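*Asks:* take this sequence and fold it.
(one chain, ligands or ions: 1)
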Amino acid sequence: MTKKGMLIVLSGPSGVGKGTVRKALFEEPDIDFEYSTSMTTRKPRNSEKNGVDYWFVSKEEFEENIKNGEMLEYAKYVDNYYGTPLKYVNQTLESGKDVFLEIEVNGAMQIRANVPDAIFVFLTPPDLVELKHRLVGRGTDDIEVINKRIKTAASEIKMMRNYDYAVLNDRVELAVDRIKTIINSERLKVNRVMPEYEAMLGDD
Ligand code: 5GP
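*Replies:* Next comes the predicted model:
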């Protein structure tokens, strides 16, 4: 039997830099996670590509996916749906590959309830003022959306207590190192390696 892959969930408030940290992590030569592309009803930003940054779908299509039980998790975030298609994650984990998700906090908590051995990492900002600057400075959203995101971020930060690990994103390369430390020690956990030892030791 193939050993099941590991599911790692990177989450945290909008604007904290989840996307940047994830992209930097995936450039590391020793990281071979499969990234699960999310589905959203939000409109693509300038350079975003369908199937790469997100699967961009209509509200009706998204709701159809929910109804058919095809989402591992989903959440409504600032007037749009975001969610993780179930099939890709399950198939990849079953094939023994590790899967990486980058999602907001409500969706992460749905996974916490359904996938007990997933790993939950919360990316934290150095402070809230800086978080606001990042949301404004990104320049991709209008002021009304930015204000909603700032309000959401303040409540999202309180969710940190529900996570396994807190990773400070003071500098991208430091945050990446911290996540690599988590991944490396998770790989050594007894309950993850036990199947290999059982095969070695036999049945008695
Ligand atoms: P953005 O519109 O900035 O791309 O994303 C808004 C928020 O939605 C971010 O916090 C992002 O991490 C989150 N997000 C992206 N994909 C998913 C997903 O599949 N599920 C959930 N719950 N949140 C997601």
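*Asks:* pretty sure Ser11 sits against Tyr163.
*Replies:* Yes. With contacts counted by Cβ atoms under 8 Å, Ser11 reaches Tyr163, the gap being 7.2 Å. Where you see a C-beta, it was placed from the backbone N, CA and C, and this is true even at glycine.
*Asks:* of those two, who's got more company?
*Replies:* Neighbours were counted for Ser11 and for Tyr163 using other Cβ atoms under 10 Å; Ser11 has more, 26 against 21.
*Asks:* quick one on the thing from earlier: what is in contact with Ser11 and Tyr163 at once?
*Replies:* 108, 120-122 (Cβ atoms under 8 Å, 6 or more residues apart in numbering).
*Asks:* so which of the residues you listed belong to strands?
*Replies:* In this view, the shared contacts of Ser11 and Tyr163 that belong to strands under DSSP state E are 120-122.
*Asks:* of these, closest to Ala24?
*Replies:* Taking Cβ to Cβ as the measure, Val121 is the one of these closest to Ala24, at 14.2 Å.
*Asks:* how near is the closest residue to Asp170 other than its chain neighbours to Asp53?
*Replies:* Excluding its sequence neighbours, the residue lying closest to Asp170 (Cβ to Cβ, 6 or more residues apart in numbering) is Pro126, at 5.0 Å. For Pro126, the distance to Asp53 equals 26 Å [Cβ to Cβ, to the nearest Å].
*Asks:* now do Lys189
*Replies:* 32 Å.
*Asks:* between Pro126 and Asp53, tell me which one has more neighbours.
*Replies:* Legend: neighbour count by other Cβ under 10 Å for Pro126 and Asp53, higher for Asp53 (15 against 12).
*Asks:* ok, what's across the strand from Thr84?
*Replies:* Thr84 has these beta-bridge partners by DSSP bridges: Glu73.
*Asks:* do the helix or strand of the chain with the lowest mean pLDDT and the ligand meet at all?
*Replies:* Using mean pLDDT, DSSP states H and E, helix 128-137 stands out as the lowest-scoring helix or strand of the chain, at a mean of 76. No. On the criterion Cβ under 6 Å from any ligand atom, helix 128-137 is out of touch with the ligand, staying 9.3 Å away.
*Asks:* all set now, cheers.
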